[in-house]
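Visitor: using only what follows, build the 3D model:
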Amino acid sequence: MRKKWMGLLLLVMMLQFYKVEATTFSDYLPGGINYLDINNVIVENNSLVLEDLILVKSATDYTLSLPGFEMLGGNIEVYIFGENIYLNGNADSISNCIASPDEVICHFTTSETETHINIEIIASDMDRFYSFYGIENFQLQEGLTATPYEEYVIPLVDTTNPEFNGSGAFITSYQAELLIEDIVYNHIQVYDEVDGDLSNSIVILEDNYSSNKTVIGAYDVMLSVSDLSGNTAYFILTVLVKDEISPIINVADVIEIDVDEDISLTDVISSAVTYYDDYDQSTVFTILEDGFTANKATLGTYNVTIQVTDSSLNETTVTFAITVRDYDAPTLVSESVFYVDVDNSVSVNDIITLLEVVDNYDSGTEIIINNDDYTLNKETTGIYFVDVSLQDSSGNSEVVRLTIHVEDYLPPVVMGPSTMQFSYENAMTIQQIKELYVMTDNYDVLTVEDIVIVSDLYSNREVEIGEFTIQFSVSDDFGNNTLFQLTVTIFDDVAPIIFIDEYIIAIESTVTFTESDALRLLIHSGELTEGDYQSVVLINEYLGNEKNAGKYLYQIMFTSEDGTEYLKDFVIDVSESENNGNSLIARGILVSFSIIIVALLVVLKKRR
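Guide: Residues are numbered from 1 along each chain as shown. This next block holds a predicted model:
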C-alpha cells in the first residue's frame, strides 16, 4: 500500500509536468461523451494509466464507469487526481463508488480551478482483460449518470467565438454598492459551442463602474472571454447606478398640542417630524393638506399631509394627525372652608353650589364627590372633610378638599332666681345657691358644675345684714356664654343674744367643770345651736386645780357636723369650800355683773 501511495505522489508530480507539456488532444474536449481515448492509455503490470493528461471542465460533475469484479478480478483500485485528489483507493471502500460483479461506477466533481486530470485503475486481471477487450466499457463522462458505453470521438477544432448571454445593461442602486465581479458572475453568461459554459472565464478589461458605484450615473464595463481554442469575444456592459429610494419621513407616534398654546404648523412639524434622503443632501418639502392651522384653538384631531421629494423625483407622502387637547384642570377660586350651624345644617350639595370654579377652556365644569365625611355627621359638631373632583370635558381633573366646621352657635339657657333674701341665720353657701339653677343647651349637657362665678360680693358676708350681688357665667363646649346675676338680701330676724368672749365661771372646790358643761352653757346662751359637736380642750389650767382656789383658763374647740369650728375661752374661778355663804353671795354679784357687761357689749356692737 505504501508503494501505491508513493506511486500516486509520483503521478501528481508528473501531472504538474504534463500541464506544461500538453499533448495533441490535451487542450481539447472530446467530440463525444467519452473522455477516454485508447490511444492515450498505457496498460502494464495490471495497471491502466493515461499517457497524457486530459482536459476537463472546472466545477463539473463527472462519472467514471468500468467493468466489475467478474471481468477485472478483485481488488479494483481507482485513482483520479489533478490539482486535487478526487478518488483514491479500493472501489469497495470509496464512498463515491458503487462496486458490483458487473460494473463499477464512481462519481466526483472537479474544483473551480481544475483544468487537467489523470486516471489510474489497478485490478488483478487488468492485463488479461486489456489483451482481449482493450478499454471497452471504460468511460469517463459528464454528469452523475452512467450511460451505455460509447467509443472516444476525436475533438473537432473550434474556430467559433464564445457568445455572451444577458442584457447589455445592468441597473443597481447606489446603496447596493455591488462588486463588479458579483454583477458579472450573477448576471452575465458566456457559452461556447465546443467548450460549453465559459462564464467563469470572463475577464474584465475596463471598469468605469467600481469607482462610481455610489454615484448616480451610467458606467461602461468592457468584458472579454476566450475559449480553449483561443477564440475571444468582447462585450460592453453598461451599469446604470440609480437612486430609486424614496426619502424617509419619521413622525412622532402621538402629536398633541395644548389648546392654550399658540403654535404654528411649521413649529409642530419641526418638533414632531423628521425627514431625510440617503443620497440627496437637500430635498423639497411640501405641505399638501393642513387641517390644523384653522382649528388650533378648537379641541379635536386634524389631519396634515406632507410630501418630501428628492432630486431623482422619488417622493414620500405621509398623513399624520395633530390632536388639540386641553391639559389644564379647572381651578377653585372660592373658599374651601365652610362653617355650618349644628341646629341649621345644610346638605353637601348646598355647599357645592357655593363653589366658584373656573376653567381655561370649558364654560362649565362637573363637580364629583369622591369622599363625604360630612353628610352622616352634619348634626354632630366637629370638623369634616369632603373631597371633590373638579373635572372639565377633556377629563382634566383637580381634587379639592372642602373643610366643613359643624359648630354650635346658641348659648345655654339658665332658669333660676334673680333675687333672693334670707335671714343671716339661714345663710346659704355658694354651692347651695348654684343648685337652685337649671341649665339647658341645644347641644351640650350642662350641670351645676359648669356654673362659673364671675364676681362675688356675697361670700364671706353670709352673716352681714345687707344686699349683695353674685354674677355667674355658663358656657357650652363651643364657648357660647350666658351671664346671669343674683341679688342676695340678708336680714336680721333674730332677737339679741347676750354673750361675751370669755365665760367667767365661779365654782366651788367641791364641784367640777366638764366639756359637756361648757357645751350646755353655750347652747343655752345661743352661741351654739342644738346639735352634735365634737370637742377638743386646747388649754386646761383648771386640770389639777379643781380643789385649789384661784382663776384658771379653760379653752375648748367645738366642731359641728358640717365642719364648722367654734373656739371659746372660759375663766374658771375656784373658791374656798368653807365660805359657802359668802361664795353664794359673791357668785350672785358676779353673775349680775356679767349680765350687765354682756348687755353693754351688745348695745355697742349694734351701734357699730
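Visitor: what residues are up against Lys242?
Guide: By Cβ atoms under 8 Å, 6 or more residues apart in numbering, Lys242 lies in contact with 171-174, 216, 312. (C-beta placed from N, C-alpha, C; glycine too.)
Visitor: and which of those is nearest Ala123?
Guide: Distance to Ala123 across the contacts of Lys242 (Cβ to Cβ) is lowest for Thr172, with 56.3 Å.
Visitor: does the closest one touch Leu240 like I think?
Guide: Yes. In this structure, Thr172 is within contact of Leu240 by Cβ atoms under 8 Å, at 7.3 Å.
Visitor: which one's more surrounded, those two?
Guide: Thr172 (16 against 13; other Cβ atoms under 10 Å).
Visitor: so who does that one touch?
Guide: 178, 183, 213, 239-242.
Visitor: hey, where'd the helices end up in the stretch 101-250 of the chain?
Guide: 126-133, 180-187 (DSSP state H, counting those that start in this stretch).
Visitor: of the contacts of Thr172, select the buried ones using a ChimeraX command.
Guide: To isolate the buried members of the contacts of Thr172 in ChimeraX, using 16 or more other Cβ atoms under 10 Å:
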select :178,183,213,239,241
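Visitor: show me the contacts of Thr172 that map onto strands.
Guide: Among those, the members falling in strands (DSSP state E) are 239-242.
Visitor: nearest residue to Met557 other than its sequence neighbours?
Guide: Nearest residue to Met557, sequence neighbours excluded (Cβ to Cβ, 6 or more residues apart in numbering): Val536, at 4.7 Å.
Visitor: measure the one you found to Asn545 for me?
Guide: Look at Val536 and Asn545: by Cβ to Cβ, to the nearest Å, they are 20 Å apart.
Visitor: tell me how far Val358 lies from Arg401.
Guide: Using Cβ to Cβ, Val358 is found at 18 Å from Arg401.
Visitor: doesn't His524 lie inside a strand?
Guide: No. Under DSSP: H, G, I helix; E, B strand; the rest coil, His524 falls outside any strand and is assigned helix.
Visitor: ok, the ones in strands among the contacts of Thr172 vs Glu407, which is closest?
Guide: Lys242 (87.5 Å).
Visitor: show me what that closest one is bridged to.
Guide: On the basis of DSSP bridges, Lys242 is bridged to Ser173.
Visitor: can you show me the strands along the stretch 51-200 of the chain?
Guide: Ranges of strands in the stretch 51-200 of the chain, per DSSP state E, counting those that start in this stretch, are 54-55, 61-67, 77-81, 85-90, 97-99, 103-109, 116-122, 139-142, 163-165, 169-173, 189-192, 196-197.
Visitor: the second one: which residues count as buried?
Guide: Of the residues in strand 61-67, those with enough neighbours to count as buried (16+ other Cβ under 10 Å) are 62-67.
Visitor: same check, this time on the fifth one
Guide: Residues of strand 97-99 classed as buried by neighbour count (16+ other Cβ under 10 Å): 97, 99.
Visitor: residues in contact with it?
Guide: 68-69, 76, 78, 87, 91-92, 104-107.
Visitor: hmm, try it at 6 Å
Guide: 91-92, 105-106 (Cβ atoms under 6 Å, 6 or more residues apart in numbering).
Visitor: direction included, what does that strand pair up with?
Guide: Assessed with DSSP bridges, strand 97-99 is paired to strand 103-109 (antiparallel).
Visitor: shaky segments in the chain?
Guide: Along the chain, the model assigns pLDDT under 70 to residues 1-26, 156-161, 165-167, 493-503, 577-608.
Visitor: verify the stated contact: Cys218 with Leu240.
Guide: Residue 218: Ala, not Cys. Yes. Using Cβ atoms under 6 Å, Ala218 makes contact with Leu240 at a distance of 5.0 Å.
Visitor: once you drop chain neighbours, what's closest to Thr487?
Guide: Leaving aside its sequence neighbours, Thr487 sits nearest to Thr419 (Cβ to Cβ, 6+ apart; 4.6 Å).
Visitor: okay, and Ile470 sits in which element?
Guide: Assigning secondary structure by DSSP states H and E places Ile470 in strand 466-475.
Visitor: could you say what helices and strands that strand packs with?
Guide: With contacts defined as 3 or more Cβ pairs under 6 Å, 6 or more residues apart in numbering; DSSP states H and E, strand 466-475 has these neighbours: strand 451-456, strand 481-491.
Visitor: so which of those gets nearest Tyr149?
Guide: With Cβ to Cβ, the closest approach to Tyr149 among the helices and strands packed on strand 466-475 belongs to strand 481-491: 139.1 Å.
Visitor: partner strands of the closest one, parallel or antiparallel?
Guide: With DSSP bridges as the test, strand 481-491 is paired with strand 419-423 (parallel), strand 466-475 (antiparallel).
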